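Novice: predicted coordinates and the sequence they were generated for:
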Amino acid sequence: MATNTYVALDKVTVGTAVNSVTFSNISQNYTDLVIVANFTGSGSGNNLMMQVGNTTIDTGSNYSGTGMYGNGTSAASWRQTSVSAIQATYAVGLEANNTSSIHLMNYSNTTTYKTVINRSGGLSGTYNATEATVSLWRSTSAINTIKLYGLNSATISVGSTFSLYGIAATNTADPTGKKYVVETEVEYGGMKAHIDLWLPETGDVVDWKTVKVKNLNYFPTKQQRWQVQVYGYLLDKSGVGKPRNVNLVAIARDGDERDVKVHSEPYDPKIAEEALDWLAAIKESQDAPEPEREENYCKFYCKYFDATGEIGCSGIKKDWVKERGVVIEDAVLDKQALLYMQIDQQIKALNAEKESIKTSLEGFTGTTFSGVEVVWSSLAGRKQVDAKEVEKLLGFVPYIQGQESVRLTVKQTGGK
């Protein structure tokens, strides 16, 4: 029976007696397929057959199968090789009331032959039986079309149903029945994405972000919002699911549960398309983009970085701020810069007050009536290398260049 790990892909209910039922353009975003069929038909001994293919049905002698069947009194088996179709039923013909569960394993794999496991049973009034078969399609092509048909032009009767399910392409899909999928991969238009959490029932896409507590004020960035909207876009366009909301969850690795921050917004394909257009423009550009961040932020990973600025991007340099009038348009960063200056001024004022209080405590040692201990102690002076003596002995003073660091300067210069 299909559980919530199954995703319904298609269903055919026969309205007029037909010889065949076909599933086409089957999504490749699953590991396995399952067909659940309840059917009857015409013609004694005419079985239900199955053929598969990639875009077109393979009618060649590329199938084989082995089966066992029994009716509670006797049992038998059969074996077929190099035949032109898979036996969806064998022991009982189409004239019976049949139920089949057909499992196509690794159907989207392009490196192995495809295995099909079928369990079926039929009630015909003359011969009732259950059977189990395993078949092979000798092709490494992915399966995206399936045909089920009556042998010898037999027809499938009105009211017969054929339901196609995909089994999610992850072994962590809904392990406890809570209707969620974790770490699922989706692909559309040559782009792949690994989604941290997908909730099919509510249509929520969730992406986790690990940050530092001090960076929570910057969450979420435009790039992070773009990313999770693109995840929803790929889900939608690939046919895997219909997103309604996208969510970003920031977890501070140096904090606790009180520092978890959540951002949610409706899924908007226009935002995703904006991000994809930006990416396409970057890929197609023959020239390095204009600098967006200070050079120390990007020089270790950006493929366009070039310290000289002659053949690539050198990052924003300090002297450009005044010369080129670089303006930071982000309102959040403007607020943070103002807050930084306020805190810096408060720290300076507190340090000055601290030094004044320290002076007033000079010469006093003991414990106040509030229980505060005041103790002065002597500390050894800092040892230093006598550079003059070293130079006398060696003729020069050896130095080791320390690792480069960066310094932040935030000051008021005016406004726009």
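Specialist: Structure received.
Novice: you'd agree Arg119 is in a helix?
Specialist: No - Arg119: not assigned to a helix; according to DSSP: H, G, I helix; E, B strand; the rest coil it is strand.
Novice: element containing Ala250, please.
Specialist: For Ala250, the enclosing helix or strand under DSSP states H and E is strand 245-252.
Novice: let me see the domain layout of this structure.
Specialist: Domain segmentation of the chain under automatic domain parsing yields 6-168, 181-283, 289-346.
Novice: which stretches of the stretch 151-300 of the chain have low pLDDT?
Specialist: For the stretch 151-300 of the chain, residues meeting the criterion pLDDT under 70 lie at 168-178, 286-300.
Novice: which residues sit against the helix or strand just after the strand holding Ala250?
Specialist: Next helix or strand after strand 245-252 toward the C-terminus (DSSP H and E): strand 261-266. Under the criterion C-beta atoms under 8 Å, 6 or more residues apart in numbering, residues Leu216, Phe219, Pro220, Arg225, Arg244, Asn245, Val246, Asn247, Leu248, Val249, Ala250 lie in contact with strand 261-266. For the C-beta atoms, the positions are set from N, CA and C on the backbone; glycine is no exception.
Novice: strand partners (parallel or antiparallel) of strand 261-266?
Specialist: Strand 261-266 has its sheet partners listed here by DSSP bridges as strand 245-252 (antiparallel).
Novice: still on that earlier bit, to Gly363, which of the domains of the chain lies closest?
Specialist: domain 289-346 (29.6 Å; C-beta to C-beta).
Novice: re the thing from before, which of the domains of the chain is buried the deepest?
Specialist: Highest mean neighbour count among those (mean count of other C-beta atoms under 10 Å): domain 6-168, with a mean of 18.
Novice: off-centre distance for that one?
Specialist: Centroid displacement of domain 6-168 relative to its chain, using C-alpha atoms, centre = their mean, to the nearest Å, is 33 Å.
Novice: quick one: Tyr218 and Lys335 touch, right?
Specialist: No - using C-beta atoms under 8 Å, Tyr218 is not in contact with Lys335; the gap is 10.7 Å.
Novice: which of the contacts of strand 261-266 sit farthest apart?
Specialist: Taking C-beta to C-beta, no two of those sit farther apart than Leu216 and Arg244, at 26.0 Å.
Novice: quick check: longest helix of the protein.
Specialist: helix 331-360 (DSSP state H).
Novice: mind giving me the packing neighbours of that one?
Specialist: Applying 3 or more C-beta pairs under 8 Å, 6 or more residues apart in numbering; DSSP states H and E, we find helix 331-360 packed against no helix or strand.
Novice: ok, which stretches of the chain are helices?
Specialist: 222-238, 269-284, 295-298, 320-323, 331-360, 387-394.
Novice: so which of these comes closest to Asn106?
Specialist: Among these, helix 222-238 comes nearest to Asn106, with 18.7 Å by C-beta to C-beta.
Novice: neighbouring contacts of stretch 381-390?
Specialist: Contacts of stretch 381-390 (C-beta under 8 Å, 6+ apart): Val397, Pro398.
Novice: that older thread, the domains of the chain: which one's closest to Thr359?
Specialist: It's domain 289-346; of the domains of the chain, that one is closest to Thr359 (C-beta to C-beta) at 20.7 Å.
Novice: need the contacts of strand 261-266 in TSV (columns: distance to Asp259).
Specialist: Shown next, in TSV, are the contacts of strand 261-266 (distance: C-beta to C-beta, whole Å):
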residue	distance to Asp259
Leu216	7
Phe219	11
Pro220	15
Arg225	20
Arg244	27
Asn245	23
Val246	22
Asn247	17
Leu248	15
Val249	11
Ala250	8
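Novice: quick check, nearest of those residues to Leu350?
Specialist: Nearest to Leu350 among the contacts of strand 261-266, with distances taken as C-beta to C-beta, is Leu216, at 24.1 Å.
Novice: could you find the closest non-adjacent residue to the closest one?
Specialist: Take Leu216 and drop its neighbours on the chain: the residue closest to it by C-beta to C-beta, 6 or more residues apart in numbering is Lys261, 5.5 Å away.
Novice: now do Asp207
Specialist: Once flanking residues are discounted, Asp207 sits nearest to Val228: 4.6 Å by C-beta to C-beta, 6+ apart.
Novice: I figured that neighbour hits Val249, correct?
Specialist: No - contact criterion C-beta under 8 Å: Val228 and Val249 do not qualify, at 10.0 Å.
Novice: any shared contact partners between those two?
Specialist: Common contact partners of Val228 and Val249 (C-beta under 8 Å, 6+ apart): Asp207.
Novice: ok, now which ones touch the residue nearest to Asp207?
Specialist: Val205, Asp207, Val246, Asn247, Leu248.
Novice: one more pass at 6 Å, please.
Specialist: Residues near Val228 by C-beta atoms under 6 Å, 6 or more residues apart in numbering: Asp207, Val246, Leu248.
Novice: what would the residues you listed look like in JSON lines with distance to Ser378?
Specialist: Below are the contacts of Val228 laid out as JSON lines (distance: C-beta to C-beta, whole Å):
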{"residue": "Asp207", "distance to Ser378": "56"}
{"residue": "Val246", "distance to Ser378": "62"}
{"residue": "Leu248", "distance to Ser378": "54"}
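Novice: between those residues, which sits nearest Lys270?
Specialist: Nearest to Lys270 out of those is Val246 (C-beta to C-beta; 12.9 Å).
Novice: OK, contacts around the closest one?
Specialist: Contacts of Val246 (C-beta under 6 Å, 6+ apart): Val205, Val228, Gln229, Gly232, Tyr267.
Novice: next, the angle helix 222-238 makes with the strand holding Ala250.
Specialist: If you take axes from the mean of the first three to the mean of the last three C-alpha atoms, to 10 degrees, strand 245-252 sits at 140 degrees to helix 222-238.
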